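A.B. asks: Attaching a predicted model along with its sequence, questions to come.
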Amino acid sequence: MKKTVIVGCGSIANVHAQSLAQLPDIELVAFADIIPEKASDFANKYTEGKAKVYSSLETMLDVEKPDVVHICTPHYLHVPMAIEAVKRGISFFSEKPPAISMEQFEELSSALDQANSSHAVHSGFCFQNRYNGTIKTTDELLTTGKLGKVTGARAFVTWRRDENYYKSDWKGKLATEGGGALINQSIHTLDLLLRYLGKPVNVKASLSNHHLEDIIEVEDTVEAVMSFANGERACFYASTAYACDAPVIMELQCERGRITIIDKTVTVYETDTPPQMINIEDDAGFGKNYWGNGHLACIKDFYEKLDSNIPFQNNLAGVRNTMETMMKIYSFR
Ligand SMILES: NC(=O)c1ccc[n+]([C@@H]2O[C@H](COP(=O)([O-])OP(=O)(O)OC[C@H]3O[C@@H](n4cnc5c(N)ncnc54)[C@H](O)[C@@H]3O)[C@@H](O)[C@H]2O)c1
């Protein structure tokens, strides 16, 4: 049985608590939030009041001594909170982004190295879209080799975030959110694009704030062009200035055709063959549709790897390329 706790009892923590309730051999023993009423609500809603409630992460970790802490707080707190866990030999599963700067990321990396020199401390980051059925299908299609290698990719994220969304104590501010459309809304899509192309050798980008100029400090729009070791090229565009939360569009150009992924449909265009549409039925998820519904699969995989003491694909090493590329894009700010 694994003892688990959650820090940060806001929107996304609901999805973590609901996912954990579906998994065997996990006991959700405590919740922490700087607003203790929020932690109390979670304890009542998800554990019939049995879980303990804390207003401080450190106290919760010291008293409960859990195996895992889920970090569901604002961006700037992910690394400091993960380090608090790691220092105590406690594994963590953090919401995205992994960090708001490379300095933070390297600080966490050093803390993990130091802790792991005495015993296994696992890291996990919530890149749940890696578990989408469309991505599994795309991986399988590429593995057959029929389409050849990926030579390029493009992705578009066009969502809507208005003034009301930014009526928050941490969103829209560089110091606490770390960025906007890229680090918050489109990091998952950047991560997927890099999954198929690897580490870029060159990145050019521009970032702007087109529609909330006097309201937020962060970008509402980002575009980037990336090139890779064998001449592959990627174009990436994300904006939160659109009219609605439209489905993300991603396309992989291959040597003998291409694959498009739009919402839950994968379409394969193989040279000299009629297009083939594959509709994916993912298991019902929790939370908003545009978050993707991979949280349960991602969290389940994290615990399975933890139990077997084998590396989880979304551990610190597994998200480094996404983190580094994102910060390269931000260097054009
Ligand atoms: N994986 C996804 O697709 C996805 C979707 C939504 C949100 N998220 C991520 O989840 C995180 C939280 O987002 P949210 O929308 O739930 O935010 P939120 O503002 O609704 O919740 C954050 C919670 O953290 C609490 N908190 C703040 N400082 C704290 C502290 N020092 N100690 C304890 N608690 C503290 C707040 O009181 C609040 O309850 C963000 O990193 C966000 O990017 C990820």
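C.D. replies: Everything's here; your move. Numbers count the residues shown, from 1 in each chain.

A.B. asks: The residue in the stretch 101-250 of the chain positioned nearest to the ligand: what's it in contact with?
C.D. replies: Closest to the ligand within the stretch 101-250 of the chain is C126: 4.5 Å, counting by Cβ to the nearest ligand atom. Every residue, glycine included, has its C-beta placed from N, CA and C. Residues in contact with C126 (Cβ atoms under 8 Å, 6 or more residues apart in numbering) are F93, S94, E95, K96, H295, C298, I299, N314.

A.B. asks: How is the protein partitioned into domains?
C.D. replies: With domains defined by automatic domain parsing, the chain comprises 2-128, 129-288+316-330.

A.B. asks: L147 touches Q253, doesn't it?
C.D. replies: No - applying Cβ atoms under 8 Å, one finds L147 not in contact with Q253, separated by 9.5 Å.

A.B. asks: coming back round to it: mind checking which of the contacts of C126 land in strands?
C.D. replies: F93, S94 (DSSP state E).

A.B. asks: now, among the contacts of C126, which is nearest to the ligand?
C.D. replies: E95 (3.6 Å).

A.B. asks: From what I see, the closest one and I71 are in contact.
C.D. replies: Yes - E95 lies in contact with I71 (Cβ under 8 Å); the separation is 6.2 Å.

A.B. asks: Name the residues contacting each of the two.
C.D. replies: Common neighbours of E95 and I71 (Cβ under 8 Å, 6+ apart) are G8, H78.

A.B. asks: how many other residues sit next to the nearest residue to M226 once chain neighbours are set aside?
C.D. replies: Leaving aside its chain neighbours, M226 sits nearest to P200 (3.9 Å; criterion: Cβ to Cβ, 6 or more residues apart in numbering). Residues within reach of P200, counting by other Cβ atoms under 10 Å, total 23.

A.B. asks: Same check on P275?
C.D. replies: Neighbours around P275, by other Cβ under 10 Å: 11.

A.B. asks: State the phi and psi torsions of it.
C.D. replies: phi -60, psi 140 (degrees, to the nearest 10).

A.B. asks: List the buried residues of stretch 246-261.
C.D. replies: Across stretch 246-261, burial judged by 16 or more other Cβ atoms under 10 Å covers 247-254, 257-261.

A.B. asks: which residues in the stretch 51-200 of the chain form helices?
C.D. replies: 57-64, 78-87, 102-116, 133-143, 174-177, 187-197 (DSSP state H, counting those that start in this stretch).

A.B. asks: Out of the buried residues of stretch 246-261, list just those in strands.
C.D. replies: Members of the buried residues of stretch 246-261 lying in strands (criterion: DSSP E): I249, M250, E251, L252, Q253, C254, G257, R258, I259, T260, I261.

A.B. asks: what residues does the protein put near the ligand?
C.D. replies: Within the chain, the positions lying close to the ligand (Cβ under 6 Å from any ligand atom) are 7-13, 32-35, 38, 57, 72-75, 77, 95-96, 126, 128, 168, 184, 291.

A.B. asks: What's the PyMOL line that selects buried ones from those residues?
C.D. replies: Applying 16+ other Cβ under 10 Å to these, the buried members can be selected in PyMOL as follows:
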select buried, resi 7+8+9+10+12+13+32+33+38+57+72+73+74+75+77+95+96+126+128+184+291
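
A.B. asks: Looking at the residues of the chain next to the ligand, which are in strands?
C.D. replies: V7, A32.

A.B. asks: follow-up on the earlier one: from the ones in strands among the buried residues of stretch 246-261, which is closest to the ligand?
C.D. replies: Using Cβ to the nearest ligand atom, these come closest to the ligand at M250, 16.0 Å.

A.B. asks: which residues sit in contact with that closest one?
C.D. replies: A153, R154, A155, F156, T189, L192, L193, T260, I261, I262.

A.B. asks: Can you tell me which residue of this structure sits closest to the ligand?
C.D. replies: Closest point on the chain to the ligand, by Cβ to the nearest ligand atom, is G10, at 1.8 Å.

A.B. asks: Give me the phi and psi angles of that residue.
C.D. replies: Per degrees, to the nearest 10, the backbone of G10 is at phi -110, psi -150.

A.B. asks: before we move on, what SS does the residue located most distally from the centre of the chain have?
C.D. replies: Distance from the C-alpha centroid of the chain peaks at D272, with 37.2 Å (Cα atoms, centre = their mean). Under DSSP: H, G, I helix; E, B strand; the rest coil, the three-state class of D272 is coil.
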